[in-house]
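Asker: mind looking at a prediction? Sequence and model below.
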Protein chains: 2
Amino acid sequence: MPAVTYEHIKTCKQSGARLGIVHTPHGSFETPMFMPVGTLATVKTMSPDELIEMNAQIILSNTYHLWLRPGEDIIKEAGGLHKFMNWDRPILTDSGGFQVFSLSDLRNISEDGVEFRNHLSGEKLFLTPEKSMQIQNDLGPDIMMAFDECPPYPAEFDYMKASVERTSRWAERCLEAHGRPQDQGLFGIVQGGEYPELRKQSAEDLVSLDFPGYAIGGLSVGEPKDVMNQVLEETMPFLPADKPRYLMGVGSADSLIDGAIRGVDMFDCVLPTRIARNGTLMTSSGRLVVRNAKFARDFRPLDENCSCSVCRNYSRAYIRHLIKSNEMLGLRLCSYHNLYFLLQLMENVREAIRQDRLLDYREEFFEAYGFNKPNAKNF
Amino acid sequence: MPAVTYEHIKTCKQSGARLGIVHTPHGSFETPMFMPVGTLATVKTMSPDELIEMNAQIILSNTYHLWLRPGEDIIKEAGGLHKFMNWDRPILTDSGGFQVFSLSDLRNISEDGVEFRNHLSGEKLFLTPEKSMQIQNDLGPDIMMAFDECPPYPAEFDYMKASVERTSRWAERCLEAHGRPQDQGLFGIVQGGEYPELRKQSAEDLVSLDFPGYAIGGLSVGEPKDVMNQVLEETMPFLPADKPRYLMGVGSADSLIDGAIRGVDMFDCVLPTRIARNGTLMTSSGRLVVRNAKFARDFRPLDENCSCSVCRNYSRAYIRHLIKSNEMLGLRLCSYHNLYFLLQLMENVREAIRQDRLLDYREEFFEAYGFNKPNAKNF
């Protein structure tokens, strides 16, 4: 029995979206699901109690960041990431690949792995499929990600083809090096940019290796929304229906709904917490920049249709005051609300799938949020 | 019936410390009590729920800061400070006097009041006893403080005498200007520096005006600890036994115990939250600087004798990692622990009074904390 399994509940008759449950050693989570990001073993500004209160069912943490700080050896000695950070529900870690490619200017890719400079100290480091597996085995998340090459967008066909093939060879090395398959499920990552034949090739390579789950990587890297949707449509047919599908780095409300419609089960993104720390809120009627002067005497909740503890207890005027005064409680309240908003959105998506009406729900949500307006923002 | 009353429960036979209850429009709090400081209508990094969880029974907020941001008119419009910040227990506000004297370089004191420059905008402002009362009436705390002159330490006798007399005249004007005596109790502030005859004069002046409570001001401004204790001993005999006594700006563990022994009922200070944000913890065995490298693999709680939720759930190694990584959860956990520590200390002090053994408790606490060592730190 693999460490991570997917239980299919039903398919939305209207949209084709999947309702399911992913089972892991630290419990199960419903899908489609959004995973809050806890880069450095903490979802920024939030406590584990608050994440449980908002019913976060799984969180993500970052291998690259934890490798550098505090070091995976310390976390292993603590008894693993769950114990270190006091989070007893499922955790997924990425492979470190994305950060190596996005955070470091100086890097040198070879068949063996990637040499790069630590973005904190400047020290030279080398990350390989084997090293990524060792770190993730030490961290002990329920779901690990294979170490892949994250090519730039856009990339030439020939470069992308070579990259996809290397990613497949690295995936095989990851499976080989994975030391705890009974405790941790390892997901493969489909690459291939916007080239349908490369997505197909990548998916088929990885599926032949029989991972317990598959991610779609290399999206949300600057491409237009319709490219993302098209790539999803071209890739999904090659992924097995009995394994979970994870769209990496996507967290805008419209993309979560559009991804679910195309068969995605899992999402993650720093967007809700990052914009929160700037005082930007996701609400049922679109985004709200609470710093704005017009909210100084607005004693309504951030979102009048939201039932989160922030919207039940605090006003726009108070939260604006906190944000303007650089008070940390302001960052907490905004982060809490945005995470709650996306988790609630996914609950609504799951309910719409149950009722075979996700396309209708999409229309209602897009209309209220303002996505249907010309010049609509991406969140 | 005044808005604020003091109920005396008992006097410690060993130390003379008082056990009591202060009743206010938003409920009662036990004394001796430490009040966490919520300068800008938030106890830095903490939520009201957390303050209730640690059993904070009253908090303090700052008139000067709230006057400038967001403005007392907005808070009045919100329904008062309790509603604005979602805190339903007692609140005390200071008068703004201390901040006017400590935060602004340019100030001009006249019989009418103090002209000074806003430390944020540089704008010229004028604070008077009447203005301070109006702001505090608008904010709506349970306990307001009279607007006093806060002289520098040390100050010449003649300067101090003139200042004390002005503070008495200002106190009378405050009483006169106080618009909501049924809803809010106004405390007088005894000044006089380290001159016993001026402390006596100040106390007698104010007691003749019959305030529902009295503060001892002008301490914890750089004088040695024994001067503070001596001033308390010289002042207390002139304060009525049936009114609460508040020592302003004091929050080090030793001074809380030594103040209680000298008859103080209420204390406040930013110390526990300020040092927390730097990763410095108060523990039963003395202070702990969690940033230190020696805690990198220390999986014990911050304080092995503490039962707060931080000590029950997190290790020194994890908190060190958060503080080193500038993660806000680190500031939250350290702030929570330090506030809990002082609130628990006051609970222990009250229990020792009940058992007529506060001097014994002092010895035990000082010994464990390390205050009895030569070179002991002040907290």
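Answerer: All right, it came through fine. What you see is a predicted model; the values in this text were computed from it and never measured. Numbering: from 1, shown residues only, chains lettered A, B, ... in the order given.

Asker: alpha carbons only for contacts and neighbour counts from here, please
Answerer: Will do.

Asker: residue A:303 versus the residue nearest the centre of chain A, what's the distance?
Answerer: In chain A, the residue lying closest to the centroid (C-alpha atoms, centre = their mean) is residue A:268, at 1.4 Å. Here residue A:268 is placed at a distance of 23 Å from residue A:303 (C-alpha to C-alpha, to the nearest Å).

Asker: now swap in residue A:236 and tell me
Answerer: 35 Å.

Asker: again with residue A:322
Answerer: From residue A:322 over to residue A:303 (counting by C-alpha to C-alpha), the distance is 17 Å.

Asker: returning to that earlier point: which residue, other than its chain neighbours, is closest to the residue nearest to the centre of chain A?
Answerer: In this structure, residue A:268 finds its nearest non-sequential neighbour in residue A:35, 4.7 Å apart by C-alpha to C-alpha, 6 or more residues apart in numbering or on different chains.

Asker: ok, now residue A:109?
Answerer: Per C-alpha to C-alpha, 6+ apart, closest to residue A:109 is residue A:115, 6.5 Å.

Asker: quick check: that neighbour is in a helix.
Answerer: No - secondary structure of residue A:115 (DSSP: H, G, I helix; E, B strand; the rest coil): strand, not part of a helix.

Asker: so what sits opposite it in the bridge?
Answerer: Listed beta-bridge partners, residue A:115: residue A:108, residue A:126 (assigned using DSSP bridges).

Asker: that one and residue A:105 touch, don't they?
Answerer: No - using C-alpha atoms under 8 Å, residue A:115 makes no contact with residue A:105, being 10.9 Å away.

Asker: more crowded one of the two?
Answerer: A count of neighbours by other C-alpha atoms under 10 Å in any protein chain shown puts residue A:115 above the other of residue A:115 and residue A:105, at 18 against 12.

Asker: list the contacts for the residue nearest to residue A:109?
Answerer: A:107-109, A:124-127 (C-alpha atoms under 8 Å, 6 or more residues apart in numbering or on different chains).

Asker: can we see that at 7 Å?
Answerer: By C-alpha atoms under 7 Å, 6 or more residues apart in numbering or on different chains, the contact set of residue A:115 is A:107-109, A:125-127.

Asker: check what pLDDT it gets.
Answerer: Per-residue pLDDT puts residue A:115 at 93.

Asker: next one: residue A:376
Answerer: On the pLDDT scale, residue A:376 gets 52.

Asker: interface residues of the stretch 1-150 of chain A facing chain B?
Answerer: When proximity is defined by C-alpha under 7 Å from any C-alpha of the partner chain, the stretch 1-150 of chain A lies next to chain B at A:44-47, A:70, A:74, A:78, A:84-86.

Asker: recalculate using a threshold of 8 Å.
Answerer: A:40, A:42, A:44-47, A:69-70, A:74, A:77-78, A:84-86 (C-alpha under 8 Å from any C-alpha of the partner chain).

Asker: what helix or strand is the closest residue to residue A:362 other than its chain neighbours located in?
Answerer: Excluding its sequence neighbours, the residue lying closest to residue A:362 (C-alpha to C-alpha, 6+ apart) is residue A:257, at 6.7 Å. When elements are defined using DSSP states H and E, residue A:257 is found to belong to helix A:253-261.

Asker: same question for residue A:274.
Answerer: Using DSSP H and E, residue A:274 falls in helix A:271-276.

Asker: is that helix up against chain B anywhere?
Answerer: No - under the criterion of C-alpha under 8 Å from any C-alpha, helix A:271-276 makes no contact with chain B; the nearest approach is 12.5 Å.

Asker: can you give me the strands for the stretch 1-150 of chain A?
Answerer: For the stretch 1-150 of chain A, the strands defined by DSSP state E, counting those that start in this stretch occupy A:5-11, A:18-24, A:27-31, A:33-35, A:59-61, A:91-93, A:107-109, A:114-117, A:124-127, A:143-145.

Asker: can I get those in TSV with distance to residue B:100?
Answerer: Output for those, formatted as TSV (distance: least, C-alpha to C-alpha, whole Å):
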stretch	distance to residue B:100
strand A:5-11	63
strand A:18-24	58
strand A:27-31	55
strand A:33-35	48
strand A:59-61	46
strand A:91-93	50
strand A:107-109	55
strand A:114-117	50
strand A:124-127	52
strand A:143-145	56
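
Asker: ranking the ones you listed by burial, who's on top?
Answerer: Highest mean neighbour count among these (mean count of other C-alpha atoms under 10 Å in any protein chain shown): strand A:33-35, with a mean of 28.
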